[in-house]
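In: My questions are about this predicted structure, shown below with the sequence.
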Amino acid sequence: MQLVELAHARSGDKGDTANVGLIALRPEYYPTLVKQVTAARVARHFKGMITGPVERFELPNLHALNFLLHGALDGGGTISLKTDAQGKVLSTALLRLVVELPR
C-alpha cells in the first residue's frame, strides 16, 4: 500500500535542502515506517529529482520521521527556476511510496 494510507506528511525548505516530515496516522504504524522508509529508499524514490544525500531523523515521541533531501531545490526558493522551488509537493510525492504492512 502507499504511505498515504499510513501517514501524512509536510514539507518545506531551507536553501537547497527540502525537509519532509512523515507522521504516522496511528502509533502502531510507526514501526513499519521506521523499518521500511529508510534514507536509502527515499533517495531511490526521488532519484533524478535530488542531487545530494538523504538524511533521516527518528522522532519516536511524535511517531514521525524527518528527512532532509539535500540538493532538492536547484539552489533554493530565491534563485531556483523550478516550479516548486520550496519543495511543498515533495511530501505528497513521498506519500506515493509503496510499503508492505506486516501481517
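Out: Perfect, thanks for sending it.

In: Can you tell me how far the residue nearest the centre of the chain is from Lys47?
Out: What sits nearest the mean C-alpha location of the chain, by CA atoms, centre = their mean, is Val20, with 4.2 Å. Distance of Val20 to Lys47, given as CB to CB, to the nearest Å: 15 Å. (Each C-beta comes from the backbone N, C-alpha and C, glycine too.)

In: For the protein, just list every one of the strands.
Out: 7-14, 17-24, 54-59, 64-69 (DSSP state E).

In: out of those, nearest to Thr38?
Out: Nearest to Thr38, of all the strands of the chain, is strand 54-59, at 6.8 Å by CB to CB.

In: OK, contacts around Thr38?
Out: Listed by CB atoms under 8 Å, 6 or more residues apart in numbering, the contact set of Thr38 reads Arg56.

In: Now it: phi and psi?
Out: phi -90, psi 170 (degrees, to the nearest 10).

In: From the chain's centroid, how far away is stretch 27-44?
Out: Centre-to-centre, stretch 27-44 and its host chain are 10 Å apart (CA atoms, centre = their mean, to the nearest Å).

In: buried stuff in that stretch?
Out: Of all the residues in stretch 27-44, those buried under the rule 16 or more other CB atoms under 10 Å are 29-30, 32-33, 36-37, 39, 42-43.

In: pLDDT weak spots in the protein?
Out: The model of the chain has pLDDT under 70 over residues 75-88.

In: Surely Val34 and Leu65 touch.
Out: Yes: contact criterion CB atoms under 8 Å: Val34 and Leu65 qualify, at 7.1 Å.
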